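Peer 1: let me see the structure of the following:
(chains A and B)
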Amino acid sequence: EPEVTQTPSHQVTQMGQEVILRCVPISNHLYFYWYRQILGQKVEFLVSFYNNEISEKSEIFDDQFSVERPDGSNFTLKIRSTKLEDSAMYFCASRGTGFLTEAFFGQGTRLTVV
Amino acid sequence: SQELEQSPQSLIVQEGKNLTINCTSSKTLYGLYWYKQKYGEGLIFLMMLQKGGEEKSHEKITAKLDEKKQQSSLHITASQPSHAGIYLCGADQGNTGKLIFGQGTTLQVKP
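Peer 2: Have a look, this model is predicted:
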């Protein structure tokens, strides 16, 4: 069964530090996403990525965030200067087509900013 | 913008009992997805519905989308402890394939 892989599973970082969350989407998928879930809250959309560029981003995805697909297999989310409120579970997802198909989610990276 | 509201927020049932979780959308649904999440883990896909009146089943879980495509229900028959977790409904929004989610329904099944 194909799966989306995320690393690390848990990251603790000091406020103000940069973090990079990594994801390996399913190999033949074309659409990639990052979501986050603050403890006890909804899963929220952050950004979608298609054809090597951002196709949509939410209000949460400000200048502190960036995404990249550096080598055709990895998909990364960078947070330049972490804040306490960035503490959350971050999920990567991929889809074969843009909609009306299953979105495969990774197991998530739990980011704790101290 | 579209909002998804799930009810109930939490549910405790005795093993063997049936239960239903509802998801109501503020706008017409074009793709409705049910996912299950264990606490602190990823989302596991259960089912996708897209046509009004559509119904799908997998093992003891049945999902339906109403004719107006604004409400979906997830029904579990003869619940088991393995059904425990958080059930999320999600919907396609826009043309970039992003999903929006309801707030989730936490299910506990007592043996």
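
Peer 1: would you mark the buried spots in stretch A:103-114?
Peer 2: By neighbour count on 16 or more other Cβ atoms under 10 Å in any protein chain shown, the buried set for stretch A:103-114 is A:103-111, A:113. In this view, the C-beta of every residue, glycine as well, is placed from N, C-alpha and C.

Peer 1: just checking: what are the partner strands of the biggest strand by length in chain B?
Peer 2: The strand spanning the most residues in chain B, taking DSSP state E as the definition, is strand B:85-93. Applying DSSP bridges, strand B:85-93 is found paired with strand B:32-37 (antiparallel), strand B:98-101 (antiparallel), strand B:105-110 (antiparallel).

Peer 1: want to throw these into JSON lines with mean neighbour count and mean pLDDT?
Peer 2: Listed next are those as JSON lines, based on neighbours: other Cβ atoms under 10 Å in any protein chain shown; pLDDT from 0 to 100:
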{"stretch": "strand B:32-37", "mean neighbour count": "23", "mean pLDDT": "96"}
{"stretch": "strand B:98-101", "mean neighbour count": "24", "mean pLDDT": "95"}
{"stretch": "strand B:105-110", "mean neighbour count": "17", "mean pLDDT": "97"}
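
Peer 1: adding distance to residue A:88, write these out as CSV.
Peer 2: Below are the strands paired with strand B:85-93 laid out as CSV (distance: least, Cβ to Cβ, whole Å):
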stretch, distance to residue A:88
strand B:32-37, 14
strand B:98-101, 14
strand B:105-110, 18
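
Peer 1: about what we covered before: now, the buried residues of stretch A:103-114 that are in helices?
Peer 2: Of the buried residues of stretch A:103-114, none are assigned to helices by DSSP state H.

Peer 1: no further queries at this time; thank you.
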